[in-house]
Each structure stands twice: as C-alpha cells, then as structure tokens.
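**Q** Provide a 3D model corresponding to the input given below.
(chains A, B, C and D)
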Protein chains: 2
Amino acid sequence: MAAPIYLQIKDQMIEEIQQLSANAPILSERDLAVKYNASRMTVRKAVNELVDEGYLYRDSNKGTFVADERLHKRNTSVDPFAEERPIKYKILYFDIKATSSKDVQDRLFISSEESVLRIVRVAMFEERPQSIEEIYFPRLSIPDEDLGNFKKLLDFNSYIAHGSLSQTFVPIIVPPQYAHLLKLKINTPIILVENVITSKNGKPLLYMKVFNNPNEKVIEMTL
Amino acid sequence: MAAPIYLQIKDQMIEEIQQLSANAPILSERDLAVKYNASRMTVRKAVNELVDEGYLYRDSNKGTFVADERLHKRNTSVDPFAEERPIKYKILYFDIKATSSKDVQDRLFISSEESVLRIVRVAMFEERPQSIEEIYFPRLSIPDEDLGNFKKLLDFNSYIAHGSLSQTFVPIIVPPQYAHLLKLKINTPIILVENVITSKNGKPLLYMKVFNNPNEKVIEMTL
DNA sequence: AAGTGGTCTAGACCACCGC
DNA sequence: CGGTGGTCTAGACCACTTT
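**A** You can find the predicted model right below:
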C-alpha cells in the first residue's frame, strides 16, 4: 500500500524547501496542484501540515513563504519519548512492589493494595548522565508474558500513538541520592518532569518521573 | 461577515459534546453532514479540529468518540500570554536603557550599543504574587507614539498571531532580590521560563523572562 | 453486506491584496 | 484587474471492522 498522495507531496516539498532561503515565496496552491498533478485540496493538505510544523507560513491573500528554520515546531520535553541521540540506559531497579508513594497511586488511579511494576534507570549519552527516570506501570495492566519484554514495555511511542501525554514541570533541589548519579553538586536546582500517558479511553498506562540534568538537557519548545 | 460554517458546527458540537460522557460515540461524519446540512468535508474539518484539541478521538473504521476531559490539550506555560484569571500587575521598572546583559543581546539579535525598552512587573492574583516578568523590546522596533501605550505594547496575543513563540525552561534558585517579592524563602528552586516571540519573517519582537512562583503556578501541558 | 474514517477530485465562490 | 489563500460542495474509491 502506497503512502497517501499528500504525504508524498509533503516529503517532496520538504526537500525543496530546504533548498530555499527564509521568506522566499513558494508556488501558489493552484500552481502546486499542476506541478504535482493533484487537486488543489490535496496539495493544500500537504501545505497545511507544513505550516503547522513550522516549515512554511502563510500571508493571507499574498502567498505562502519559507519559514526561518528557528521557527520549526519542536518540544524537547517529549524527547524522552523521541530521543534522537543514541542513549544508553543503566538499570537501577526493576521490580514489582506495593504502591508505596501517594503520587504513584494518584497518577495511576490505583489503590495502595495494588502493586506496580517499577523501573528506575539512568539515561546516559557518551558517559554523561542525562536524566534519571522512574517509571511505574499498573501491574494488572501488563500481561505476564510481557513482564520481561523491555523493548515492548518501554516503547513509549506506541503508547503515545494510542494515548495522550500529560506533563507537569516541578522545580526541585536534586535529591541527594541522585546528585552523584547525575554528577551534580548537592543543592543544585533541577526540573522534575512528571509524565502520565493515558489511553484514549482515559485509563492511565504509565507514570514516569524524569529528573533532568540541567547541564545536559535543555527543555525548550517552539509553538 | 458570518463565521465559516465549519466553525459554527464546531461550536455547536462542543456544546453537545459537553452533555455526553467520556467514550460515548458521536454521529458518523456522514450523519453529521446531514444533521448540519453541510458537506462531509466541512463537518470533517470541524471534527478534525476537535480531535486536535482533545475533545474527541477517532478509532479508525469504528467511529469517533468523546475524549476524557483530562485529555483536552492545554499548556499553562503559555499562560502569561493567555491568562484566564484576573491578574493585576505591579510595575517595578519601565525604562529605556542600553542593552547591558548578554542574554538580552543574544535573544533579540541586537548589539550592545542598541537600547531596549524594559518593563519589569509582578503578576498578582488576589494579593498573591504569581510571577515576576522581565520584558525587553528592541527600542528601534517600537514607534515613538506607542512608547506609552501599555495595552498595545503588552498585547501578547497579537504578537503571537503574527509570530512564533519559543520557550526555554531553566531551573534556578530564586534570585535573592526576587525572593521576597514572590514571598518565597531564599534558596527556593524555581523555573525560569525564557520566552522569545519572533515574527514570521524571523525578526525577534520581544524577550521575556518569567520567574514563576512554584506555589502559585503549576506548569503543565497535555499533548 | 453495511458502515466507518481516510483520501481524493474538479469544480466553485468569497474577501482581500497589489498593481 | 488578476492572483492569493479560505471555504465549500457533491460526489467518489479505498481499507478496514463489525454484524
């Protein structure tokens, strides 16, 4: 099954846009339709997505123009779920335990009797610690046969594809037991990102606390 | 000039969605087209926007359903630009000065000789300090007659409508001179949000540093 | 077989802009 | 005036799921 036409057009346009300089006009939608031998609505769908992603901008009644590269939409706070660099993980804990802490109960909507699968790991890039991640799954939502399947358990992108991601940013002093793991001085302020992935029907799938090393990871977004 | 049909449909659908419970199915696109006496493509545009905003979710080949309210897309980190609560501002500084600090020069792309318009203010909600905002404009980009026009200068939404917003989140210890203004103890960790609004053609319009009071403002987003 | 969302077409009219 | 993006229509075919 071939990719939809509008996606093929979009890919071609991205390549051509990259050859142009900022603020250069692109062809009008009617001309693009001729060029790609498609209907105007189809090329318009491709252009709309490129505008949404910050590759292009429109000026009504005038035309469509190449956007400055710095204006491309991005969000590094979701990078834990779409990291482009080769990250290696060092596992600190991997266990099933009763739900001890209240934040885990609250975020996963489970009682103190229910147990959770916990994974705690350090994300390393070239020997430099990027962050420490505490990941909690409701034990009951994981089939027994998947318990040892790290690849499947930690395939965040597939969770997000079927769900929704909520993030909270909390300023804290780095916890003492994590300071040396992150190679930070004690009393260093850091940002703790609390992530909850919820399936479309509203059931929490996982809760993940990310203690970010501010010297390595800059949280930024363009919207 | 009346609003576009798809926006009228969208507004009506929002009201009807609010009467439904999570995961309830809505009418199919073809039935919606009949109901609203519009073409399927038009109702589809309305539905698409509601899906993008998190009001609905689609399940391919099955139908479209009401999303859990907690999954509505939002982002309180841009609240300085779309604050829903009645915020009062106390001005601390309002002056034109040489560009002293390097971060301002770098973010606004101006040299140390150029001057900037600076506004420093405390955002208060019911006597409680929410944040301190340091706002810098390139002096040259502001017409003389607008210099005293606070409403126009600080109408962030109009900037964003013609531009793009970039944000960086930096964990810091609250600066001592701001600690008492925010009613925080010294050494409290806070999140400094650095905002740059850039016009579509790439020119920086303003640079704004927001020192958030973590006891008052929670930065969270659902995406 | 019937129904769903996903894609696509070939037109059309509008408001607005620059010439 | 001609060109632009913005909206809208009335069809169509597809892959897929449910009955």
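**Q** What is the burial count for A:Ser100?
**A** As a burial measure, the neighbour count of A:Ser100 was computed by other C-beta atoms under 10 Å in any protein chain shown and equals 10. Every C-beta, even on glycine, is put in place using the N, C-alpha and C of the backbone.
**Q** and if you look at A:Ser164?
**A** Taking other C-beta under 10 Å as the definition, A:Ser164 ends up with a neighbour count of 23.
**Q** Tell me what it is bridged to.
**A** Beta-bridge partners for A:Ser164, by DSSP bridges, are A:Thr198.
**Q** Provide the contact partners of the helix or strand where A:Ser131 lies at residue level.
**A** Per DSSP states H and E, A:Ser131 falls inside strand A:128-138. Counting by C-beta atoms under 8 Å, 6 or more residues apart in numbering or on different chains, the neighbours of strand A:128-138 from elsewhere in the structure are A:80, A:87, A:92, A:104, A:107-108, A:110, A:114, A:116-124, A:153-154, A:178, A:181-183, A:204-213, A:216-217.
**Q** show me what contacts the residue nearest in space to the middle of chain A?
**A** When C-alpha atoms, centre = their mean is applied to chain A, the residue found nearest the centroid is A:Val78 (2.8 Å). Applying C-beta under 8 Å, 6+ apart, one finds that A:Val78 lies in contact with A:Leu165, A:Gln167, B:Leu223.
**Q** Check chain A for the residue nearest DNA strand C and tell me.
**A** Scanning chain A for proximity to DNA strand C using C-beta to the nearest atom of the strand identifies A:Ile5 as nearest, at 2.8 Å.
**Q** Now list the buried members of the contacts of strand A:128-138.
**A** When the contacts of strand A:128-138 are checked for burial by 16 or more other C-beta atoms under 10 Å in any protein chain shown, the buried set is A:80, A:104, A:107-108, A:110, A:116-124, A:153-154, A:178, A:181-182, A:204-213, A:217.
**Q** Those also near chain B: which ones?
**A** When the buried ones among the contacts of strand A:128-138 are checked against chain B using C-beta under 8 Å from any C-beta of the partner chain, the ones in range are A:Asn212.
**Q** Could you tell me which of the buried ones among the contacts of strand A:128-138 belong to strands?
**A** In strands, defined here by DSSP state E, the members of the buried ones among the contacts of strand A:128-138 are A:116-124, A:204-212.
**Q** Export stretch A:214-221 to PDB, keeping only CA atoms.
**A** C-alpha atoms of stretch A:214-221 as PDB (Å, rounded to 0.1, in the frame of the first residue of the first chain):
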ATOM      1  CA  PRO A 214      20.300  20.800  33.600                       C
ATOM      2  CA  ASN A 215      23.800  20.700  32.300                       C
ATOM      3  CA  GLU A 216      23.000  18.200  29.700                       C
ATOM      4  CA  LYS A 217      19.300  18.600  28.700                       C
ATOM      5  CA  VAL A 218      17.800  21.900  27.900                       C
ATOM      6  CA  ILE A 219      14.000  21.800  27.900                       C
ATOM      7  CA  GLU A 220      12.700  24.100  25.100                       C
ATOM      8  CA  MET A 221       9.800  24.300  22.800                       C
END
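**Q** Could you list the buried residues of that stretch?
**A** The neighbour-count check on stretch A:214-221 (16+ other C-beta under 10 Å) flags A:Pro214, A:Lys217, A:Ile219, A:Met221 as buried.
**Q** What parts of chain A come near DNA strand D?
**A** Neighbours of DNA strand D within chain A, by C-beta under 7 Å from any atom of the strand: A:1, A:26, A:28-31, A:40-41, A:44, A:58, A:60-64.
**Q** What about those, which are in helices?
**A** A:Glu29, A:Arg30, A:Asp31, A:Arg40, A:Met41, A:Arg44 (DSSP state H).
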